[in-house]
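Colleague: Predicted model follows, preceded by the sequence.
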Amino acid sequence: MNEERILVTYLTQAKDLEKKAAAIAVGMTVGSWTDLPAAKQAELRPYLGEPAGTEPLSVLENSETRGLITVSYPVRNFTKDIPSLLTGIFGKLSMDGKIKLIDVQLPPSFTSAFPGPKFGIDGLRELTKVHGRPLLMSIFKSCLGLPFDDLKTQFRAQAQGGVNLIKDDEIFFADDRAPFLERIAAFGQIAKEIEAETGKPVLYAANLTGPSHLLPDKAKRAVEAGATCLLFNVLAYGFDMLHRLAADPDITIPIMSHPALAGAYYPSPDYGIATPLLLGKLMRLAGADLVLFPSPYGNVALDKSDALKLADSLTEPHQTLKRPFPVPSAGIHPGLVPQLYADFGVDQVVNAGGGIHGHPGGATDGARAFVAAIDAAANGISLEEAAKHSEPLAIALAKWGGAK
Ligand code: 1AE
């Protein structure tokens with residue numbers, strides 16, 4: 001690939017895909033071309049987009065061809081940030097008929113402006129002291145409106161079951177009963193007590209919320225108060241906010257991205273932004289250390305091939321960017337662990353809310369059931385066999401069943 005160009009792939013339909021690619025290349029860059037005088041063309045040529053390939057997929061009833069087109073854009077057209085990138089390659093175009101943004105290939109001259117994840121998989125394994133198996137995360141269910149003492153009890157119950165991370169619910173904004181810094185301190189203390197008993201740290205992902213301009217300072221105060229991780233609703237705030245937080249040298253803890261709002265972008269086959277790009281490549285570029293996305297199995301399921309591509313975009317080598325942890329989420333219960341392991345491998349975080357808190361024995365047993373299921377998957381043992389040695393797992397399988 002030319003070092004100085006950005007390659008962008010779209011899925012669209014047109015009578016002539018090549019003409020459409022050429023129109024986009026001009027329309028999204030210099031605006032008009034063939035009618036310009038030769039001197040003007042020479043001046044504008046360095047800024048001109050160029051069609052870079054088409055791949056017809058099917059012919060539609062209206063005789064249009066549906067297919068992939070690739071356009072290359074000069075890096076010089078962009079400032080090195082995601083708002084500039086998205087506006088320059090898909091801004092107005094996203095409203096111009098059936099067109100979906102599928103992928104972007106960025107040259108090192110653009111990517112070098114992005115430090116990316118500070119920790120990634122390797123850094124998080126060091127922090128949690130978990131090697132050779134997936135990590136386990138549980139989600140507070142619920143947070144809003146609960147007395148602080150109830151939240152402390154919930155935190156302890158989850159942690160005692162052996163989870164490696166605990167995250168706030170992403171809708172936890174109005175936290176007057178358990179303010180952000182106070183719960184970081186209180187849960188941090190409980191995590192220390194659990195670590196003293198088990199030898200295993202428990203990270204707490206506190207939901208970083210509030211007006212954008214206050215977030216960097218709030219995140220730094222969280223670090224000073226002993227925070228161990230931050231949860232962030234990236235799409236509501238914009239990728240650039242994550243980029244700013246991740247690049248800040250004083251924010252020295254991992255950042256976890258939540259996919260809230262992603263459903264407004266990806267589900268249509270004809271419009272929006274494909275999930276491997278939206279929740280994969282761009283989250284990594286912006287600096288997420290852990291990336292939540294809908295698993296292929298739950299009630300907000302993602303198409304399986306997209307989920308696998310998304311996870312690949314997080315874990316395959318990408319220039320100098322560290323690899324964030326894939327966190328396939330939503331509707332996860334212990335019976336799904338073998339399937340998760342088969343699909344996403346050892347480098348993933350198994351994440352559950354209802355699948356932990358809904359255990360008939362409570363959240364501690366819910367977490368224990370997952371720990372047993374993960375150990376079994378990582379050691380090639382069936383859930384049925386593992387359940388003979390773990391009553392919490394046996395109870396979970398009786399409630400939710402095995403892998404579907
Ligand atoms: C895709 C996001 C999943 C999430 O945030 C969440 O709260 C899942 O909860 P459960 O595990 O489905 O209860």
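Modeller: Thanks, I have the structure now. Residues are numbered from 1 along each chain as shown.
Colleague: Do I have it right that residue 360 meets residue 394?
Modeller: No: counting by C-beta atoms under 8 Å, residue 394 is not a contact partner of residue 360; they are 11.0 Å apart. Using the backbone N, CA and C atoms, a C-beta is placed for each residue, glycine as well.
Colleague: Of these two, which one has the most company?
Modeller: Under the neighbour definition other C-beta atoms under 10 Å, residue 360 and residue 394 were set side by side, and residue 394 has more, 18 against 11.
Colleague: so where does the more buried one fall, helix or strand?
Modeller: Secondary structure assignment for residue 394, by DSSP states H and E: helix 391-400.
Colleague: So which residues make contact with that helix?
Modeller: Here helix 391-400 makes contact (C-beta atoms under 8 Å, 6 or more residues apart in numbering) with 333-335, 355, 358-361, 365-366, 368-370, 372-373, 376, 383-384, 386-388.
Colleague: go again using 7 Å as the cut-off
Modeller: Residues from elsewhere that reach helix 391-400, judged by C-beta atoms under 7 Å, 6 or more residues apart in numbering: 333-335, 359-361, 365, 368-369, 372-373, 383, 386-387.
Colleague: Stretch 353-372 now?
Modeller: With C-beta under 7 Å, 6+ apart as the criterion, stretch 353-372 contacts 136, 138-139, 141, 154, 157-158, 160-163, 332-334, 337, 350, 352, 386, 390, 392-393, 395-396, 399.
Colleague: Look at residue 224 and say how many residues are nearby.
Modeller: 11.
Colleague: sorry, back to before: what about the contacts of stretch 353-372, which are in helices?
Modeller: Residues of the contacts of stretch 353-372 located in helices (DSSP state H): 154, 157-158, 160, 337, 386, 392-393, 395-396, 399.
Colleague: In those, find the pair that's most separated.
Modeller: 154 and 386 (26.1 Å; C-beta to C-beta).
Colleague: For the helix or strand of the chain at the bottom of the mean pLDDT ranking, which helices and strands make contact with it?
Modeller: One helix or strand of the chain scores below all others by mean pLDDT, DSSP states H and E: helix 38-44, with a mean of 93. When contacts are defined as 3 or more C-beta pairs under 7 Å, 6 or more residues apart in numbering; DSSP states H and E, helix 38-44 packs onto no helix or strand at all.
Colleague: for the helix or strand that comes right after that helix, packing partners?
Modeller: Using DSSP H and E, the helix or strand that follows helix 38-44 towards the C-terminus is strand 50-59. Strand 50-59 sits against helix 17-27, strand 65-74, with contacts defined as 3+ C-beta pairs under 7 Å, 6+ apart.
Colleague: Now the ones you listed in a markdown table, please, with extra columns for distance to residue 99, mean neighbour count and mean pLDDT.
Modeller: Formatted as a markdown table, those follow (distance: least, C-beta to C-beta, whole Å; neighbours: other C-beta atoms under 10 Å; pLDDT from 0 to 100):
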| stretch | distance to residue 99 | mean neighbour count | mean pLDDT |
| --- | --- | --- | --- |
| helix 17-27 | 8 | 19 | 97 |
| strand 65-74 | 9 | 21 | 98 |
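Colleague: Any idea which of the ones you listed gets closest to the ligand?
Modeller: strand 65-74 (27.5 Å; C-beta to the nearest ligand atom).
Colleague: following that closest one, which helix or strand comes up?
Modeller: helix 82-90.
Colleague: Buried residues of that following helix, list them for me.
Modeller: 82, 85-86, 88-90 (16 or more other C-beta atoms under 10 Å).
Colleague: now, among the residues you listed, which is nearest to residue 225?
Modeller: Ranked by distance to residue 225 (C-beta to C-beta), these are led by residue 82 at 29.1 Å.
Colleague: doesn't residue 281 make contact with that closest one?
Modeller: No: the pair residue 82 / residue 281 is not scored as a contact, 10.6 Å apart, by C-beta atoms under 7 Å.
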